[in-house]
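Peer 1: 3D, please:
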Amino acid sequence: MKHRSSCAIILTLTICPYIEAKSDNKQPNILFLLSDDAGYHDYGFQGSTDFITPQIDRLALSGTFCTNGYVTASVSGPSRAGILTGRYQQRFGFFLNPGDNDNLSKYEYTIADALKKLGYNTGIIGKWHMGLAEQYHPNDRGFDFFYGFLSGSRSYYPLPKSTDSSSKYKNGLRYNEELQDETVMDFYTTDLFTDKAIEFMDESRNADKPFFLYLSYNAIHGPLEARAEDMEPYMGIKDPVRRITGGMTASLDKNFGRLLDYLEEHGLRENTLVIWVNDNGGEGTQMHTDNWPLRGFKGSETEGGIRVPFLLSMPNTIPQNQQYNLPVISLDLFPTFVKLAGGDPSINPKSLDGVDLLPYLKGEITEAPHDVLFWQRNNAAVRKGDWKLIKYYTKGGTIELYNLKDDIAEKINQVKNYPEIAKELEAKLTEWQAQHNKATGLPSIGTEIQNKDIVFPNPFHQSVSFQAQNGFYRLFDVTGRELLNGKTIQGLNDINLPVLNQGTYLLYLAGKESIKTLKIVKH
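Peer 2: Residues are numbered from 1 along each chain as shown. Predicted coordinates:
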């Protein structure tokens, strides 16, 4: 409790001078909908012939669809870290999905921190995936209200009584800090989270207070769990996985409709910004989503991993039934929300990497919101105008170059035809990495170094030895680039590393019962 209190004091003292709450109660509400692993093309407004999504289409017709809308990472954890902070997550070492010992740094400020200071009732419902440690839970990160779970995924149905304590801690439903007894409950999470969202909005309305609600559905992330009635329209689809994905999408669609109905019935629609983004590209292996016409799926720096459905709707403020075709990114949500709420994003305690999108969507600013956009996880990518370069560190630094205007599916590698463009973009990527990746030596979320430095070579050999469990290892340089990976065994392990240059490296070890990072220094 002492540590939690001190953290809260630090945040309060640092944020207060920068953001001042408005005195009136006419500030717009903000309903931010984040879906999980959903396909790019699995909706009527995108032309899907498989799935019927009348409510999602209704949202699209009521606002602006950003056809070149991106997230900052192709997997959930780092993508959400970028959204919540409005900053490239590489600035604070959040390259990968968090392990059990990883948390979103408290030196970073969240959207909820900013909007709470502007007088908003702040809530998150659904998936957190930003850290398991108690002092890093949503109620310690600017959210007044939390109903959901801490981990990256869970069952859509109540957890059984036999659930072990560790799984229950990570996956169990919480009302703020209190774990709920799911053995006496009956629910499907997509419906349940909408129920709680409506309760939260209703409480805010009755208190005459503007709300910011981050409704973080676990749909349609695995496991493959759909109700029979939701799957019924898709029983003619040959692929049984697609039938289940269709049912899960149908449930999401119906719940979007419930939210829009609530806003309309209570006269809140025109004063509420509704945003829908997916956390990363559609998942292909398990969920069989459709990302057409994009190449690849979740986990890749190709368009199918990072370009997502990106809708903003606010009648009489944002143009309706419009497409916006210049590149935007989820980093833009933080400054858009703060500006709409009456704050000034330029004086946020930490510099933001996005822009307020509303002047662009309304046509008040006609130039592109961004000159260049960047991505980096295991591999890296950069987009400037219509040109996109991907650098595959996992393939020895191989480079691909595409003109997305002519080749959205990334089929024709133009490196040989336009070497000067490839050289320019690679230089921009290198410069960005130097500026953003130097803030941390960690390829993950600030994992504490749990052992003393391993220095090699020693007088006898060019390898490193370490204790591990049965699991796997991943070796990174300080930019977060993965160099090696492999399996570990219980006990003493030895990896031969003669080809490494002098410098510092990080060895990430994941076993069944523990995750740790070792720092390796080569002289």
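Peer 1: contacting residues for the spatially closest residue to Lys161 that is not a sequence neighbour?
Peer 2: In this structure, Lys161 finds its nearest non-sequential neighbour in Thr183, 4.8 Å apart by CB to CB, 6 or more residues apart in numbering. Every C-beta, even on glycine, is put in place using the N, C-alpha and C of the backbone. Taking CB atoms under 8 Å, 6 or more residues apart in numbering, we find Thr183 in contact with 158, 160-161.
Peer 1: which of the residues you listed count as buried?
Peer 2: Neighbour counting with 16 or more other CB atoms under 10 Å marks Pro158 as buried within the contacts of Thr183.
Peer 1: how about the residue nearest to Lys161, secondary structure?
Peer 2: Following DSSP: H, G, I helix; E, B strand; the rest coil, Thr183 is assigned to helix.
Peer 1: Tell me, what's the model's pLDDT at it?
Peer 2: pLDDT for Thr183: 96.
Peer 1: got it, and the one 3 residues further on?
Peer 2: Asp186 is assigned 98 on the pLDDT scale.
Peer 1: how close does the residue nearest to Lys161 get to Leu159?
Peer 2: Distance of Thr183 to Leu159, given as CB to CB, to the nearest Å: 8 Å.
Peer 1: Then Leu173?
Peer 2: According to CB to CB, Leu173 and Leu159 sit 8 Å apart.
Peer 1: so who does Glu270 touch?
Peer 2: With CB under 8 Å, 6+ apart, Glu270 has these contacts: 314-317.
Peer 1: now, among those residues, which is nearest to Ile111?
Peer 2: For those, the residue nearest Ile111 by CB to CB is Met314; the value is 17.0 Å.
Peer 1: Count the residues that sit near that closest one.
Peer 2: Residues near Met314, counting by other CB atoms under 10 Å, number 25.
Peer 1: residues touching the closest residue to it other than its chain neighbours, list them.
Peer 2: Nearest residue to Met314 in three dimensions, chain neighbours excluded: Leu273, at 4.6 Å (CB to CB, 6+ apart). Leu273 sits next to 28-31, 312-314, 317-318, 337, 340 when contact means CB under 8 Å, 6+ apart.
Peer 1: could you redo the last one with a cut-off of 10 Å?
Peer 2: 28-32, 63, 212, 312-314, 317-318, 333, 336-337, 340-341, 358 (CB atoms under 10 Å, 6 or more residues apart in numbering).
Peer 1: does it sit in a helix, a strand or a coil?
Peer 2: Applying three-state DSSP: Leu273 is strand.
Peer 1: distance of it from Leu59?
Peer 2: In terms of CB to CB, Leu273 sits 12 Å off from Leu59.
Peer 1: any residues in contact with both of the two?
Peer 2: By CB under 10 Å, 6+ apart, the residues touching both Leu273 and Leu59 are 312-313.
Peer 1: how about the strands in the stretch 51-200 of the chain?
Peer 2: 64-66, 69-70, 121-127, 145-149, 174-175, 178-179 (DSSP state E, counting those that start in this stretch).
Peer 1: For Thr394, which of these is the nearest?
Peer 2: Closest among the strands of the stretch 51-200 of the chain, using CB to CB: strand 69-70, at 20.9 Å.
Peer 1: What helices and strands are in contact with the closest one?
Peer 2: Contact here means 3 or more CB pairs under 10 Å, 6 or more residues apart in numbering; DSSP states H and E; on that basis strand 69-70 packs against strand 272-278, helix 303-306, strand 310-313, strand 328-329.
Peer 1: give me the low-pLDDT residue ranges for the stretch 1-150 of the chain?
Peer 2: In the predicted model of the stretch 1-150 of the chain, residues 1-25 satisfy pLDDT under 70.
Peer 1: mind redoing it with 90?
Peer 2: 1-26, 92-102, 105-107, 134 (pLDDT under 90).
Peer 1: Run through the helices of it in chain order.
Peer 2: 2-15, 54-61, 76-85, 111-117 (DSSP state H, counting those that start in this stretch).
Peer 1: What residues of the third one count as buried?
Peer 2: Put plainly, it is helix 76-85. For helix 76-85, the neighbour count (16+ other CB under 10 Å) marks 76-85 as buried.
Peer 1: hmm, back to that, drop the exposed ones from the contacts of Glu270 and show what's left.
Peer 2: Buried, going by 16+ other CB under 10 Å: 314, 317, out of the contacts of Glu270.
Peer 1: In helices, which of the contacts of Glu270 appear?
Peer 2: Judged by DSSP state H, the subset of the contacts of Glu270 located in helices is empty.
Peer 1: any idea how far the strand or helix carrying Lys388 is from the chain center?
Peer 2: Assigned by DSSP states H and E, Lys388 falls within strand 387-392. Its chain's C-alpha centre and that of strand 387-392 lie 21 Å apart, by CA atoms, centre = their mean, to the nearest Å.
Peer 1: Just the mean pLDDT for it, thanks.
Peer 2: Computed over strand 387-392, the average pLDDT equals 96.
Peer 1: Determine the set of other helices and strands touching that strand.
Peer 2: By 3+ CB pairs under 10 Å, 6+ apart, strand 387-392 packs against helix 303-306, strand 372-376, strand 380-384, strand 398-403, helix 419-436.
Peer 1: what pairs with that strand, and is each one parallel or antiparallel?
Peer 2: Looking at strand 387-392 with DSSP bridges, its partner strands are strand 380-384 (antiparallel), strand 398-403 (antiparallel).
Peer 1: now those in a markdown table, with mean pLDDT and distance to Phe51?
Peer 2: Below are those laid out as a markdown table (pLDDT from 0 to 100; distance: least, CB to CB, whole Å):
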| stretch | mean pLDDT | distance to Phe51 |
| --- | --- | --- |
| strand 380-384 | 97 | 29 |
| strand 398-403 | 97 | 28 |
